[in-house]
Each structure stands twice: as C-alpha cells, then as structure tokens.
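Enquirer: got a predicted structure here, sequence first:
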Amino acid sequence: MQVTETLNEGLKREIKVVVPAKDLEAKLSERLQGASAKARINGFRPGKVPMAHLRKMYGKSFMAEVVNEILSDSSRTILADRNEKSATQPEVVMTEDEKEAEKVLSGQADFEFSLNYEVLPAIEIKDASKISVVREVVDVTDEEVEEQVKRVASSAQTFETKKGKAESGDRVTMDYLGKVDGVAFDGGTDSDATLVLGSGQFIPGFEDQLIGVKAGDEKQINVTFPAEYGAAHLAGKDATFDITVKEVAKPGELEINDETAKKLGIESADRLRQVIREQIESQYGTFTRQKVKRQILDALDGEYKFESPERLINAEFNNIWAQIGSDLQEAGKTFEDEDTTEEEAREEYRKLAERRVRLGLVLSEIGNKAGIEVTEEELQRAVYDQVRRYPGQEQQIYEFFRKTPEAVNNLRAPIFEEKVVDHLLSNINVTDKKVTKEELMADDEADAKSDEAKKPAKKAAPKKAAKKKTDDEA
C-alpha cells in the first residue's frame, strides 16, 4: 500500500492511497484458499473445488470484501502511523466510474482512493491556578422557607362552599368555552374546572374578571393571549370565554402541622420544612453553579486561541441553527421580530459554534490530562434519569439506549464536562460572595455574552388559557 500526503494545510489533511493490484490479488487468493475447504458445490467433493471455479463464482464478491476491509482498516492504521487524531470520521473519496470500479473488482487495476480529514489541534494545557471566579451564595432564610411551605401546603388546603361573590383567594368551579373570532379552539373547553383566584394559573386578565361572580352566574370574559404564547396560532389573538359558574368556595384556615404534611406525603411539618429548605438550596445551588461555570468558560475562552476543525464547527452550527429555526417557527416570529437579520444571526451563532467547539476541545484535553473518566455507574444513573422522564415508556427507553450507543455517548459528554469543571474548581481561585436571590438569578449583560447564556432554548410557554388544577401544581 502506497500512502502519499497530497494536502497539509492548517488542520486539513488529504492522503492518497494506492493498493497495487498484486496486493489485492494476494488477499483475494488467501480468501479463496480459505473458502475452498468449506465450499459445498454440487458436482465437487468437499475441498476439491478447483480454484478457477471458485474464482469465477466468488471472485468479485470476495474482492469487494477485500476492498471494504482495506477501507475500514486504512483510516485507523494511517492515522496511527502518522501519529494523528482525526476530528471526525475521515471522508473516503474513490472513483465513481463503474468501468474503473469493475477493473478493480476483477483484479485488473490498482485500487486508488483518498482520505480527507481534519486533525485535532495540539493543545498545551495552561496553569489553571491563575483563573479567579466569584461564587455567589444566597443564605436561605426561615421566612423564605415558611413562605414556600405555605405555597406548597396550599394544595392541601380545604375550601368551603360560600354564598355571595367570589373574592381573591376563593376557588371558582366552572364550565367554560373559549373562542377566537367566534370559533371554538382546541384546549379552550373544560367542565368542572377549578381556579383559585389570584393564583395566576390562567392567562392574564382571565382571573380578574371572575372577581364578583356568584354560583349560577353566566359571564363572557374577554382576554388577549400573550404575544409570546406557546401555541403560535393563539399568540396575540383576542379571545372570549363563555363561563358558567357552578360553585364559589372560600379557603379554610391554612395550618402548617403534621396533619397537613401527611396530606402531602411527608411524615411531619418539620420534615416538610427541611425538604423545602433543601429544594430552595438546590435551586440556588444550580444558579450558582451556572454562573461559576460561565466565568470558567469565559476565562478559558480568553486563554486558549487556536484553529478548530471546520467540520466540527459546521456540525455544531447546524445543530444550533436548526434549534433557532424551530424556536422561531414555534413562536411564529422572524429574525426581524428579534431586532436582527438572518445574516447577522448566522454570524453570531457561527461565532458561538466556534467557541463551543474550541472550549469543548480544551475541556476534553484538560480532562484527559487529569485522568478524568465517566464510570459505568454514572452512565447508568444518567440513563435512569432519562427513563424517569417518560413514565409508562420505561422499557422502550431502556431498549433505545441499549441499541443506540451514540445516544449513550451523548449522555457521557455532559457528565465528563461537569467532572472537568469540578476538577478546575479544585485548582482555581474561588471567592465566595453573599448576594440576594434577585442578584443571583439576574441574567445580566455580562452573562448574556457567555456560552451558556447563548445556548438556544425554547422560551417558557405562558400559562395555558385553561386547565384543571392538579394536586402537584402548588
């Protein structure tokens, strides 16, 4: 096999490979020889089939197998010999001329093809101890815990039927029919729906117009769906709801005690408060982690500047761009609605794709140098977390991951990244800073320029026009 480098430009490589016809013939003869002892052909005793007859019957198919093996093995062996790592699977380019291909399969011509690929850049890991980040920390107060406990406990609150007009905090039971331009729409109809006035459960303006209604009242409510409503066909539309009030009930006294906690599936009020505190701390911890990670990524972005493989950047950009297009379509918006143009957006997200690829390569190299690995137990836990998201489909999801190794690898990548971030946190300078919850959760302009903040994400859908309140919506 003759290997010749025909392109070496930046990270791009092109390798021309020529496998002489005599080498192909040798591999074919070896395969035919091995088949002769096993072949069962009418008219010939086992092991006595003439080689010429075997060649006539199986020569081309065996040669095709030889060619496929060469293609399969060549990328690995050539890269190993050149001490290079390809950023993606090398592209194989060979003749599309059927006559030339026929000559190769007939053993009458050399087999020629090219490997096109980009190498991973060499990255020199820098001293992470020079990186400094501020870790914003929020102290969870007893008052905040108590406020959240009351909110959660309100789902177990009792209501008593009352005579008279509905007030804020009262529960209204009703039938309703929603219409846009006089036509009923999907999801706009319900019977015996319950709504606690002031809960903000329905779209803006809906609950306010129920203040003052009584059991037996019939009323038409006029509202406008938010411009960014999750269902594009309703966004910004004026709608009417024909309401029939069936009951108005006032809330009973809300007591936070062991009995209330048990209604929520928790053994005691003290345990309920502990659970709520842990949930709040976990929520704040997530925000803190995100902000610290952003700072680390920004620091690495400033430290490491190198050319990244174009194919990786293109793949990342295509993923981002597909998500952007999907988000815009779902929201019923255009680039102009977002105060930009398609060309400007392409340029912006192309830069983001390049940054993500570069930082991904840096984190990968840092992790490899530190000996960081993702364990099978961690992968299984990640798979289990995915399965839990699809109740009733657990077996199908397990089968999907079992049969789709690349899906498991997609779970491996974020776990590896978080472990690298943990490794960096143990080596960089971290200063804790007490802040308010508003300061912690603020997504300011500095954050907006970061990799994490720029990740395209679907905007949170506004509250549904109408839905029944369930026990776990507190």
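Expert: Alright, I've got the coordinates. Residues are numbered from 1 along each chain as shown.

Enquirer: just give me the longest helix of this protein.
Expert: helix 269-303 (DSSP state H).

Enquirer: elements contacting that one?
Expert: strand 132-137, helix 142-153, helix 258-263, helix 342-369, helix 405-425, helix 437-441 (3 or more Cβ pairs under 8 Å, 6 or more residues apart in numbering; DSSP states H and E). (Each C-beta comes from the backbone N, C-alpha and C, glycine too.)

Enquirer: pLDDT weak spots in the stretch 51-200 of the chain?
Expert: 51, 53-54, 57 (pLDDT under 70).

Enquirer: tell me where it has strands.
Expert: Listed in chain order, the strands of the stretch 51-200 of the chain (DSSP state E, counting those that start in this stretch) span 91-94, 111-118, 132-137, 159-161, 171-180, 183-196.

Enquirer: for residue 81, which of those is the nearest?
Expert: Ranking the strands of the stretch 51-200 of the chain by proximity to residue 81 (Cβ to Cβ) places strand 111-118 first, at 12.1 Å.

Enquirer: quick one on the thing from earlier: can you redo the strands of the stretch 51-200 of the chain as TSV with distance to residue 422 and mean neighbour count?
Expert: Below are those laid out as TSV (distance: least, Cβ to Cβ, whole Å; neighbours: other Cβ atoms under 10 Å):
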stretch	distance to residue 422	mean neighbour count
strand 91-94	37	14
strand 111-118	30	20
strand 132-137	13	15
strand 159-161	48	12
strand 171-180	47	19
strand 183-196	43	15
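
Enquirer: which non-adjacent residue is nearest residue 370?
Expert: residue 423 (5.2 Å; Cβ to Cβ, 6 or more residues apart in numbering).

Enquirer: backbone dihedrals for residue 242, please?
Expert: Torsion angles at residue 242 (phi, psi; degrees, to the nearest 10) stand at phi -90, psi 120.

Enquirer: got it, and the one 10 residues further on?
Expert: Phi and psi for residue 252, reported as degrees, to the nearest 10, are phi -80, psi 170.

Enquirer: these two touch, right, it and residue 158?
Expert: Yes: the criterion here is Cβ atoms under 8 Å, and residue 252 meets it with residue 158 at 4.1 Å.

Enquirer: residue 66: which of the strands of the stretch 51-200 of the chain is closest?
Expert: Closest among those, using Cβ to Cβ: strand 111-118, at 8.8 Å.

Enquirer: ok, that closest one: who's next to it in the sheet?
Expert: Strand 111-118 has its sheet partners listed here by DSSP bridges as strand 12-19 (antiparallel), strand 91-94 (antiparallel).

Enquirer: buried stuff in the first one?
Expert: Judged by neighbour count (16 or more other Cβ atoms under 10 Å), strand 12-19 contains these buried residues: 13-15, 17, 19.
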